[in-house]
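Undergrad: Pasting the sequence and the predicted model now:
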Amino acid sequence: MAVISANNNEATTSGSSPSDAAIEEGEEDFYIQCDAPNCNEWHEGSNLSPPITPSTASTFETWHCPSCIPYHGPSKVKSSIMTSTRRQGLRKKRRIDFVKLNDPATLLESESSNNIGVAANDVQEVDFRAKLELRRKKGMFRNGAGCCCFKVMAKNDFNTTQYVDQHGFNKPVLFASSQLPYQIGLQLPKKDEDGTDAPFSFDTVAKLVGPYRKTQVIDTATQLTTEYTLQEWVDYLDTPEKERTRILNVITLEYSQTPLGRLVTEPQFARDVDFVNQCWPKSVDELQRILDHGGDSRRSSSSSSSSNKNSIKSSMDHDDNGNDGMNDNDVSKKTSEEEEEEEEDLKDLLKELQEEIPRVSKYCLMSAAGSYTDFHVDFGGTAVWYHVYFGQKIFYFIEPTQKNLKIYSEWATNGTSRGRGTGGGRSKKSNANAFLPDLIISSGGDVFEVQLKKGQTMFIPSGWIHAVFTPKDSLVFGGNFVHRHSLEMQLTIFRLEKKMRVGKDYKFPSYQKLMWYVAWDFLKEHDDLMMQKRDRDATNVNLIAREEMVIQQICGKYPNHVLLGYKALAKELESWSRSKQKITTDQFPENMDVAKVAIQLRELLTKCIAHLGVSKKEEKPKMKPDKNMKARLEKKRKHSQSSRKKPVITPIKKCSSSPPANKICKVEGCKQYKRSKCDGYCATHYREQLSLQSGGIDYHVIPPPGRGCKVDGCNKYKKSKCEGYCLMCFRASSVKPS
């Protein structure tokens, strides 16, 4: 390990220090070199997490940078340091890993402040395989591949955006042939990393992604998570199936920035429509164009530049009088310096955006036989591409109708729902331990079952509720993408996640910021068409006529459901632009005037919708008048009147156990206990006797013994602080002073 400090301009190294390290006098920077083989890169200590200082660097025996930790393991601390610092500070709570200990009845403690510990009594193990098999035998699941709610493709037509524009993408699509993945642009690893003909396996994934890389592991029986390194995960999968004490599942391993990411390429359709690929800024020129459109920083820079111009002008006027002002060369130099400074700021912003870009397009799923992922909706309403490299999967789909989404949200947010980071909200007690398919089917909905075999690929549209069962060990490559064909559904799921209080770690990263760039991309396309029309037309065409031609061109390019989706986005963006919540304002792009973008998008989409002549909400069909409604209401009214008669002796209820003879009600045949102060009757018959004696007064309003007014014949309750009288009798008995 080598370190270099700028305090005294001296280097302490175990290797060679970099010759190009620029260290300025007076700075207190500290640099440390990675000890991993073939790395040897230098890192500034203050930029690391946690920051490293000269004192903390001396505690490491070998130090690995963040990019090398997944492949070479964590940094090693000197043994003497570990011994001396073991008892420093407060004792930290230990996290008991119930999965590794094979004991789910232990207390789970999370080191993360975002998670809440789960008590032993709250951990419930469920046999999902038995639940699914029971309902399959009852015929509760419909065959998805043979119904109208599912598409089975035999050609690669789906790979073209024209097909999707015409037919839409609101139903799952299955490519049954194992040869089609390569025809739809999906590239997969063929051989092991060493170039031999060895099969691509779980161990290969660990080598390419990093054996020390940590990943979330889901326990099937409880749907709770823990952490494994990939090497530990591979060791678990190498264990014979019969010897595994727990059934585990990995579904959140993102690998786009690893060597495995270079071996796998998403399907062509997912790449073409993904908003992250299309709309996220990738160059300084794009950021500059957003800034020129009227960003917040543009206004500040323009004001500063105007003040500079005024100062320059006054200096030049002073130069005419006193010959100590700036000349034209100084003015041009000042302007060029400002441009260079602005360009540097945009480069820094672009670097931050590249680090913040959502990376959700490539996931590796490794599942043990018998594993199960409970019903869920993918974050942000994203669509999914899903390819089974080897193994088998069984999907259970629920269509995202408004009714089904409401049932799902109530089921997912109840007090005992498991493992999705949701909090708050309570559902009915009857739904606390319910199985979601039972609730959907009982409400008149359907659950579709689809089997996915080795080599098959499936596309899942936005918002579809689904669960996945794994009959045998499986390796799957998949990914998520946001696209223009389901904008309304994606925004619906975004609002649903907000209502369900889904945790930040379970949401689509930088979703709101991405939507702002989506809106800007649509406006940019409109501006480009306007510029083309202006340059193409030699004659001076009226601006309104040119706008109408551009609107007509946009409406001809995009189908109606896409324009309606952008219209819904414009409405959502206006709401976000007026928000004062920090969680929303933090997602505003730094170089964009969000209010201006939202208003312009709404105005543009209003013109497009008016040109198409379609309405967003279709009128609901009016209900036909029920001819028997009046007869039923009259029958109900007569029944309520007939029930207002004199009380009738309540029929004797049969009891499983009779009271002793000396404690039984004196009414013949009654098996209830007699009550004190009820003259040998039970409470029911005592009130009936009082009702008959009082001339048919409803006995339910007669207070029980000890709680009635002490005036004879009064059937009202006594009031507190009224000396045993009811309020009326107390006022009548009180004598006002003269």
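TA: Right, received. Where do you want to start?
Undergrad: In contact with the spatially most central residue of the chain, which residues are there?
TA: Centroid-nearest residue in the chain: K507, 3.2 Å away (criterion: Cα atoms, centre = their mean). With contact set as Cβ atoms under 8 Å, 6 or more residues apart in numbering, K507 has these partners: F379, G380, E497. Bear in mind the C-beta positions are built from the backbone N, C-alpha and C, glycine included.
Undergrad: ok, and for the helix or strand harbouring I554, which residues are buried?
TA: Taking DSSP states H and E as the criterion, I554 maps to helix 543-557. For helix 543-557, the neighbour count (16 or more other Cβ atoms under 10 Å) marks R546, E547, V550, I551, I554, C555 as buried.
Undergrad: Now do it, average pLDDT.
TA: Helix 543-557 comes out with an average pLDDT of 87.
Undergrad: Please report the distance of the residue nearest to the centre of the chain from D165.
TA: Note on K507: its distance to D165, by Cβ to Cβ, to the nearest Å, is 29 Å.
Undergrad: where does the stretch 501-650 of the chain dip in pLDDT?
TA: 537-541, 614-630, 632-633, 636, 638-650 (pLDDT under 70).
Undergrad: Spatially nearest residue to P259, not counting backbone neighbours?
TA: Nearest residue to P259, sequence neighbours excluded (Cβ to Cβ, 6 or more residues apart in numbering): L208, at 4.6 Å.
Undergrad: How many neighbouring residues does the one you found have?
TA: L208 has 23 neighbouring residues, counting by other Cβ atoms under 10 Å.
Undergrad: same deal with the one 4 residues further on?
TA: Y212 has 18 neighbours, counted by other Cβ under 10 Å.
Undergrad: pretty sure it is touching L230, no?
TA: Yes - the criterion here is Cβ atoms under 8 Å, and Y212 meets it with L230 at 7.5 Å.
Undergrad: coming back round to it: I'd like the contacts of K507 laid out as CSV, including secondary structure, pLDDT and distance to I32.
TA: Formatted as CSV, the contacts of K507 follow (DSSP: H, G, I helix; E, B strand; the rest coil; pLDDT from 0 to 100; distance: Cβ to Cβ, whole Å):
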residue, secondary structure, pLDDT, distance to I32
F379, helix, 91, 36
G380, helix, 90, 38
E497, helix, 91, 40
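Undergrad: Neighbour-wise, give me the winner out of those residues.
TA: Going by other Cβ under 10 Å, G380 tops those with 23 neighbours.
Undergrad: separation between that one and Y408?
TA: 16 Å.
Undergrad: Repeat that for H611.
TA: As judged by Cβ to Cβ, H611 and Y408 stand 37 Å apart.
Undergrad: Neighbour count: those two, which is higher?
TA: The neighbour count for H611 versus Y408, taken as other Cβ under 10 Å, is higher for Y408 (21 against 15).
Undergrad: Next up, identify which helix or strand the more buried one is on.
TA: With DSSP H and E as the criterion, the answer for Y408 is helix 402-412.
Undergrad: Give me the helices and strands touching that helix, please.
TA: Packing partners of helix 402-412 (3 or more Cβ pairs under 8 Å, 6 or more residues apart in numbering; DSSP states H and E): strand 372-376, helix 436-442, strand 465-481, helix 487-500.
Undergrad: In the protein, where's the longest helix?
TA: In the chain, assigned by DSSP state H, the helix with the most residues is helix 328-356.
Undergrad: chain center to it: distance?
TA: From the chain centre to the centre of helix 328-356 is a distance of 37 Å (Cα atoms, centre = their mean, to the nearest Å).
Undergrad: Averaged pLDDT, it. What do you get?
TA: Here the average pLDDT along helix 328-356 is 75.
Undergrad: Ok, stretch 384-392 next?
TA: 93.
Undergrad: What lies in contact with that stretch?
TA: Residues outside stretch 384-392 that contact it (Cβ under 8 Å, 6+ apart): 181, 186, 188, 200, 266-267, 270, 367, 378, 393, 451-460, 470-481.
Undergrad: What residues of it count as buried?
TA: V384, W385, Y386, H387, V388, Y389, G391, Q392.
Undergrad: which SSE is the fifth one in?
TA: By that I understand V388. strand 383-398.
Undergrad: re earlier: tell me what angle the helix holding Y408 forms with strand 372-376.
TA: Using axes from the mean of the first three to the mean of the last three Cα atoms, to 10 degrees, the inter-axis angle of helix 402-412 relative to strand 372-376 is 120 degrees.
Undergrad: would you put the C-alpha positions of helix 402-412 in PDB?
TA: Coordinates of each C-alpha in helix 402-412 appear next as PDB, following Å, rounded to 0.1, in the frame of the first residue of the first chain:
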ATOM      1  CA  GLN A 402     -58.400  -0.600 -11.700                       C
ATOM      2  CA  LYS A 403     -60.200  -3.100  -9.500                       C
ATOM      3  CA  ASN A 404     -57.300  -5.600  -9.400                       C
ATOM      4  CA  LEU A 405     -54.800  -2.900  -8.600                       C
ATOM      5  CA  LYS A 406     -56.900  -1.700  -5.700                       C
ATOM      6  CA  ILE A 407     -57.100  -5.300  -4.300                       C
ATOM      7  CA  TYR A 408     -53.400  -5.700  -4.800                       C
ATOM      8  CA  SER A 409     -52.500  -2.400  -3.000                       C
ATOM      9  CA  GLU A 410     -54.800  -3.300   0.000                       C
ATOM     10  CA  TRP A 411     -53.300  -6.800   0.100                       C
ATOM     11  CA  ALA A 412     -49.700  -5.600  -0.200                       C
END
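Undergrad: Provide a list of residue ranges in the stretch 201-350 of the chain with pLDDT below threshold.
TA: The stretch 201-350 of the chain contains residues with pLDDT under 70 at 294-334.
Undergrad: mind listing the helices for it?
TA: 202-209, 230-238, 268-273, 275-279, 284-292, 296-322, 328-356 (DSSP state H, counting those that start in this stretch).
Undergrad: pull the CA atoms of the shortest one into PDB?
TA: I take that to be helix 275-279. Output of helix 275-279 as PDB, limited to C-alpha atoms (Å, rounded to 0.1, in the frame of the first residue of the first chain):
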ATOM      1  CA  PHE A 275     -36.400   6.200 -22.200                       C
ATOM      2  CA  VAL A 276     -33.000   5.900 -20.500                       C
ATOM      3  CA  ASN A 277     -31.300   5.200 -23.800                       C
ATOM      4  CA  GLN A 278     -33.300   7.800 -25.700                       C
ATOM      5  CA  CYS A 279     -33.800  10.700 -23.400                       C
END
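Undergrad: Go through that helix and flag the buried ones.
TA: Residues of helix 275-279 classed as buried by neighbour count (16+ other Cβ under 10 Å): F275, V276, C279.
Undergrad: same question, the second one
TA: The neighbour-count criterion (16+ other Cβ under 10 Å) identifies L230, Q231, E232, W233, V234, Y236, L237 as the buried residues of helix 230-238.
Undergrad: where do the helices sit along the stretch 501-650 of the chain?
TA: 511-536, 543-557, 560-577, 582-585, 594-612, 629-642.
Undergrad: Quick one: list the elements packing against the shortest one.
TA: Using 3+ Cβ pairs under 8 Å, 6+ apart as the contact criterion, helix 582-585 has no neighbours among helices and strands.
Undergrad: Would you agree P54 is in contact with F30?
TA: Yes - P54 is within contact range of F30, at 5.8 Å (criterion: Cβ under 8 Å).
Undergrad: Looking at the two, which is more packed in?
TA: Using other Cβ under 10 Å, the more surrounded residue of P54 and F30 is F30, with 22 against 15.
Undergrad: Now do the phi/psi pair for the more buried one.
TA: Main-chain torsions, F30, degrees, to the nearest 10: phi -140, psi 130.
Undergrad: ok, now how distant is it from Y163?
TA: 57 Å.
Undergrad: So I407 sits against P437, correct?
TA: No - the criterion here is Cβ under 8 Å, and I407 misses it with P437 at 10.6 Å.
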